[in-house]
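[1] Here is my input; please provide its structure:
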Amino acid sequence: MQTSKHSLTVNGAVVPESSLDELRSADVNGDIAQQLSDNGYLFLRGVHDPVEVDAARLEVLHRLAEVGEVKDPVKCGLASGTSRRRETYPTTDDLGTFWRSVSEGKAVRRVINGPRIMRVMSQLFQEPAQHFAFAWLRAMTAGRTSPLHVDHPYMNRGSKRLVTCWSPLCLISLADGPLYILKDSHKWPDIRQQFDGHDVDREPSRPGHIEESPITLAQRKTSKFLTAEFNLGDCLIFGMFTVHGSFDNNSSAGLIRLSCDTRFQPAADPMDERFAGPNPPAHNGLGYGCLSASRPLTETSALR
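    The predicted structure is shown next:
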């Protein structure tokens, strides 16, 4: 992987070149369920319509511009370094209401819950698929990163066949903090044992994320950070015990990295009640207010 122009970092630490490798593109004409089982992920190029993804990108940026967080011209997607979000939405409930309205934008939902990705999920499960009503829309400014974790502790009260779909809503270069997966991590029994059955809402004092340094863990497991530069229309699908996080957003221009996590499962399976229905309660009953993305881009906090 060519990273000479921009060193990839996690929490400010440079990831050694020897620990980096490319995500392998999935063979959409093959058995994608078997590929997911073998690799722990499916890297799919061009699943979403790039025109629709760009429309979703602009929809989100204009909402962020409403609260003073994006420079003009808005279409460039550069952080202003300022915010009026708390002036307009002073309480956690207000912030959650705002972020719900952004997350439920028509253009965003056309991408993340649209017929193209639903066809892929039905192909994956070999039966009709369904998605959570709740979506994890993120806007990551320079210096921000997603912590090392598996998804199981955050959403494990429903289907055992749940998968995550991470969709970038903008072009994401290596410098902009793309998602990474630790190679073969879905097969690590110690990680599964550590988190299997853990529910962050029932045991709030117990961490839901992995506290070990990502670089240390990768080296201890003789694993690699798998990543790529993401184009409009790409997505990454993985299971609940695949270890992942994001590199630091080191954009020198101040690019806001936009992405959205959605969760899919067979329609016949029970669904986690926290993330279903017309007004999903989510974590601690806070709705979209539980997400760090609901807070101003100028604020730093533990990512959820």
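[2] For the residue nearest to Q35 when sequence neighbours are not counted, list the residues it contacts.
    Closest residue to Q35 apart from its sequence neighbours, by CB to CB, 6 or more residues apart in numbering: A26 at 5.4 Å. To be clear about C-beta, it is placed using only N, CA and C from the backbone, and glycine gets the same treatment. A26 makes contact with 32, 35, 42-44, according to CB atoms under 8 Å, 6 or more residues apart in numbering.
[3] List the buried residues of stretch 222-240.
    223-228, 230, 232-240 (16 or more other CB atoms under 10 Å).
[4] got the CA coordinates for stretch 196-210 in PDB?
    This file holds the C-alpha atoms of stretch 196-210, laid out as PDB (Å, rounded to 0.1, in the frame of the first residue of the first chain):
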ATOM      1  CA  ASP A 196     -19.800 -12.200  23.700                       C
ATOM      2  CA  GLY A 197     -23.000 -11.400  25.700                       C
ATOM      3  CA  HIS A 198     -21.800  -8.100  26.900                       C
ATOM      4  CA  ASP A 199     -24.500  -5.400  26.600                       C
ATOM      5  CA  VAL A 200     -23.300  -1.800  27.200                       C
ATOM      6  CA  ASP A 201     -26.700  -0.600  28.400                       C
ATOM      7  CA  ARG A 202     -27.000  -3.400  31.000                       C
ATOM      8  CA  GLU A 203     -23.400  -3.100  32.100                       C
ATOM      9  CA  PRO A 204     -22.500   0.600  31.600                       C
ATOM     10  CA  SER A 205     -19.400   0.500  33.800                       C
ATOM     11  CA  ARG A 206     -17.800  -2.200  31.600                       C
ATOM     12  CA  PRO A 207     -16.100  -0.900  28.400                       C
ATOM     13  CA  GLY A 208     -17.700  -1.900  25.200                       C
ATOM     14  CA  HIS A 209     -14.600  -1.100  23.200                       C
ATOM     15  CA  ILE A 210     -11.100  -2.700  23.100                       C
END
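[5] for it, which positions count as buried?
    Those would be 198-201, 207-210, for stretch 196-210 by 16+ other CB under 10 Å.
[6] With neighbour count and pLDDT added, can I get the contacts of A26 in TSV?
    Formatted as TSV, the contacts of A26 follow (neighbours: other CB atoms under 10 Å; pLDDT from 0 to 100):
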residue	neighbour count	pLDDT
I32	19	98
Q35	19	98
L42	25	98
F43	21	98
L44	20	98
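[7] circling back to that earlier point, distance check, the residue nearest to Q35 against L95.
    Distance from A26 to L95, counting by CB to CB, to the nearest Å: 37 Å.
[8] most distant residue from the middle of the chain?
    Distance from the C-alpha centroid of the chain peaks at E87, with 27.5 Å (CA atoms, centre = their mean).
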